[in-house]
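J.: Fold the stuff below for me.
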Amino acid sequence: MQPNEQRITLSVTSIAWIVAAVPLLLLAWQLRSLVLLLMIAIVLAAAIAPVVDWAERYRVPRWLGVVLAYLSIFAVITGIGLLVGPTVVEQIQRLLRQTPISLKQVLDYAESWIVSFNDERPELASQLFNQVVDVQGLTRWVIRSSQQLLVRSYSVTTGILGGVFSIILALFLSGYMLADNRTLIRNFVRLLPQPWDDRMAAQMGPMGNRIGSYIRGRLLVSIILAIATTISLSVLGLSDFALGLGAIAGVTNLIPFLGPILGAIPALVVAISQGGWTFLWVLLLYVIIQNVETYVLDPLLVGSSVGVHPLYQLLAVLGGTQVLGIIGALIVPPWIAGGAVLLENLYLRPKLMAERRNGAQLSPTPSAEAPPEPMMSGS
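T.: You can find the predicted model right below:
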C-alpha cells in the first residue's frame with residue numbers, strides 16, 4: 001500500500017446506524033408537524049433560558065422562574081396588543097382595501113409615461129401596454145401568491161389539531177424544556193455511543209446560547225425598526241397607515257435579507273398614490289433603514305451570534321420558505337446557527353488541531369551535529 005493511501009473501514013455499528021437512519025428519516029417526515037412544533041419550542045426555550053438562569057442564580061426555583069418569565073411575556077404582549085392592537089388591525093384592513101386601488105394607479109402612471117413617448121399614436125401605445133400588462137391578472141396573481149404563502153404556513157403549523165392549540169402546545173413544551181432541561185439533555189445524550197455522548201453534552205449549552213442569541217438579537221432589531229418606520233412614515237405624510245406599516249416592517253424584519261424588502265413593498269404601493277415625491281422619500285427611507293440594519297444593528301445586536309456565512313443564511317431563508325412557508329423563514333436560520341456550533345466544535349476545530357499536530361510531526365528538526373553559526377566579531 002502506498003504511504004499516502006487511506007483505507008476506509010466500516011464497523012458493524014456504523015452500518016447499523018446507516019441502515020437505521022433511513023426509516024428514522026421517513027418517520028420524521030411523517031411526523032413533520034410534530035417535529036416543527038419541537039423546533040419552535042426549542043427556539044423559544046433557548047431565547048428565554050437566560051432569564052430563567054438569572055432567576056435561578058438568585059435562589060428562585062427553576063419551575064417558578066419559568067412561570068414568572070412566561071407570565072411577564074404574556075403581560076407585555078397583552079399590554080401592547082391592547083394599546084396599539086386595534087389601531088394596527090384597522091390600518092392593515094384599510095391597507096388591504098387600498099392596495100388594489102394603489103396598484104391600479106401605479107399601472108396608470110406607467111401607461112401614461114409610455115404613451116407620452118408616442119404622441120402621434122397614443123392609442124396604439126395604450127393598446128400595447130394593456131396587452132403586455134394585464135392589470136386584473138396582475139392583481140389576482142399578487143393576491144393569490146400571498147394567499148398561497150399564508151395557506152402553506154398555516155397548513156404546516158396547524159397539522160396536529162389547530163393553530164391556537166399548536167401555539168399553546170409549543171409554549172407548553174418550551175416551558176417544560178426550560179424547567180427540566182438538565183434531565184432532558186442527560187437522557188438524550190445517553191442514547192449516543194461513547195465518546196459522542198460526552199462531546200454532545202458539552203455542546204448543548206453553546207448551541208442553545210447561539211440559537212437564543214440569534215432570536216433575541218433579531219427580535220430587538222425588529223422592534224427598533226418597527227418604531228423607527230412608524231415615526232418616519234408619520235413624518236412623511238403616511239400617518240393614516242404608519243402604525244400598520246410599522247407593524248408589518250417589524251414582523252417581516254424577523255426574516256433575514258428578504259424581510260426588509262417584503263416590508264417595503266406595501267409602503268411603496270401606498271406612497272406612490274400620494275405622489276412622486278412621497279414615493280421617492282419613502283423609497284429613500286427604506287434604503288436607509290436597510291443599510292442601518294445591515295451595517296449597524298445586525299453587527300451590534302446580532303453580531304457573531306450567527307456564526308454562519310451570509311450566503312448560507314440566505315439559502316436557509318429560501319429553503320425554509322420553500323418547505324415551511326413564512327414559519328420556515330423564521331425557524332430554519334436559528335437552527336442553522338445552532339448547527340454551526342456542532343460543525344465548528346465537533347469537526348472543524350478537531351480537524352484543524354489534527355492537521356497542526358501532523359504538520360508539527362512532519363516538520364524537520366535541526367540536527368544536533370550542525371555546525372554553529374559564525375559569530376560576528378567587532379572591528
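
J.: Can you tell me the number of residues neighbouring residue 242?
T.: Neighbour count of residue 242, defined by other CB atoms under 10 Å: 21. Backbone N, C-alpha and C define where each C-beta goes, glycine included.

J.: Could you do the one 4 residues further on as well?
T.: The local packing count at residue 246 equals 25, with neighbours defined by other CB under 10 Å.

J.: Can you give me the distance of the residue lying closest to it once chain neighbours are set aside to residue 341?
T.: Nearest non-adjacent residue to residue 246, counting by CB to CB, 6 or more residues apart in numbering: residue 230, 3.1 Å away. Residue 230 sits 36 Å away from residue 341, taking CB to CB, to the nearest Å as the criterion.

J.: Quick check: residue 177 vs residue 27, distance?
T.: For residue 177, the distance to residue 27 (CB to CB) stands at 21 Å.

J.: Remind me which helix or strand the residue nearest to residue 246 belongs to.
T.: Assessed by DSSP states H and E, residue 230 sits inside helix 196-235.

J.: quick one: low-confidence parts of the stretch 51-200 of the chain?
T.: For the stretch 51-200 of the chain, the stretches with pLDDT under 70 are 102-164.

J.: all helices for it, in order.
T.: 62-115, 122-132, 135-157, 163-179, 181-189, 196-235 (DSSP state H, counting those that start in this stretch).

J.: Tell me which residues of the fifth one come out buried.
T.: Taking 16 or more other CB atoms under 10 Å as the neighbour-count basis, helix 181-189 is seen to contain the buried residues 181, 185, 189.

J.: which residue packs closest to the second one, ignoring adjacent ones?
T.: Spelled out, it's residue 185. The shortest distance from residue 185 to any non-neighbouring residue, by CB to CB, 6+ apart, is to residue 204 (5.0 Å).

J.: Distance of that neighbour relative to residue 309?
T.: 24 Å.

J.: Now for residue 240, how many residues are close by?
T.: Residue 240 has 15 neighbouring residues, counting by other CB under 10 Å.

J.: For it, what are phi and psi?
T.: Main-chain torsions, residue 240, degrees, to the nearest 10: phi -70, psi -20.

J.: which residues sit in contact with it?
T.: By CB atoms under 8 Å, 6 or more residues apart in numbering, the residues touching residue 240 are 91, 94.

J.: Could you rerun that using 10 Å?
T.: 91, 94-95, 98, 233-234, 270 (CB atoms under 10 Å, 6 or more residues apart in numbering).

J.: just these now: which is nearest residue 250?
T.: Nearest to residue 250 out of the contacts of residue 240 is residue 233 (CB to CB; 12.5 Å).

J.: Give me the distance from stretch 325-343 to the chain's centre.
T.: 7 Å (CA atoms, centre = their mean, to the nearest Å).

J.: Ignore what I typed, I meant stretch 244-252.
T.: How far stretch 244-252 lies from its chain's middle: 16 Å, per CA atoms, centre = their mean.

J.: Could you list the alpha-carbon positions for that stretch in CSV?
T.: Output in CSV follows, covering the C-alpha atoms of stretch 244-252 (Å, rounded to 0.1, in the frame of the first residue of the first chain):
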residue,chain,number,x,y,z
GLY,A,244,-49.9,49.3,10.4
LEU,A,245,-46.9,49.6,8.1
GLY,A,246,-44.5,49.8,11.1
ALA,A,247,-46.0,46.6,12.5
ILE,A,248,-45.6,44.9,9.1
ALA,A,249,-42.0,46.1,8.9
GLY,A,250,-41.3,44.8,12.4
VAL,A,251,-42.7,41.3,11.6
THR,A,252,-41.1,41.0,8.2
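
J.: hmm, who's touching the helix or strand hosting residue 353?
T.: According to DSSP H and E, residue 353 maps onto helix 349-362. Helix 349-362 has contacts (CB under 10 Å, 6+ apart) with 199, 343-344.
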